[in-house]
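*Asks:* need the 3D shape of this:
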Amino acid sequence: MEDLMRIAILVVVMLVGLSSAARADRDYPWCVMGGELGYSGDCMYETREQCLASASGRWNLYCDINPRVRFRQPAPPPPPRRMHRSQ
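*Replies:* Model prediction:
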């Protein structure tokens, strides 16, 4: 029974790791910018319409092209993963 529980926990940990890595691999072309978001903004929109809908009704926000897409800059490398050893 303990082996089954360990396998289940291992599978869950692996799935969580895969799902979090998949989201970071994409640079979306549209960003909501301004206000407290700063220059880099919130870049998670595939279309201008999605971006405009998100910015609508929010004070001092606007939509613009993602700077990394505009200048064809590569995405920054992901931070190194830390391995914790059990003692």
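
*Asks:* beyond the lowest-mean-pLDDT helix or strand in the chain, next helix or strand please.
*Replies:* Taking mean pLDDT, DSSP states H and E as the measure, the chain has helix 2-24 as its least confident helix or strand, at a mean of 66. Scanning forward in sequence from helix 2-24, with DSSP states H and E defining helices and strands, the next element found is strand 30-33.

*Asks:* given that following strand, what are its sheet partners and their directions?
*Replies:* Looking at strand 30-33 with DSSP bridges, its partner strands are strand 42-45 (antiparallel), strand 62-65 (antiparallel).

*Asks:* could you measure the residue in the chain sticking out farthest from the centre against Tyr62, distance?
*Replies:* Within the chain, Met1 marks the point farthest from the mean C-alpha position, 37.2 Å out by C-alpha atoms, centre = their mean. Using C-beta to C-beta, to the nearest Å, one gets 57 Å for the distance from Met1 to Tyr62. C-beta coordinates here come from the backbone N, C-alpha and C atoms, glycine included.

*Asks:* ok, now Ser56?
*Replies:* Spatial separation of Ser56 from Tyr62 under the definition C-beta to C-beta is 11 Å.

*Asks:* show me which of the two is the more surrounded one.
*Replies:* Counting neighbours by other C-beta atoms under 10 Å for Ser56 and for Tyr62 shows that Tyr62 has the greater number, 14 against 9.
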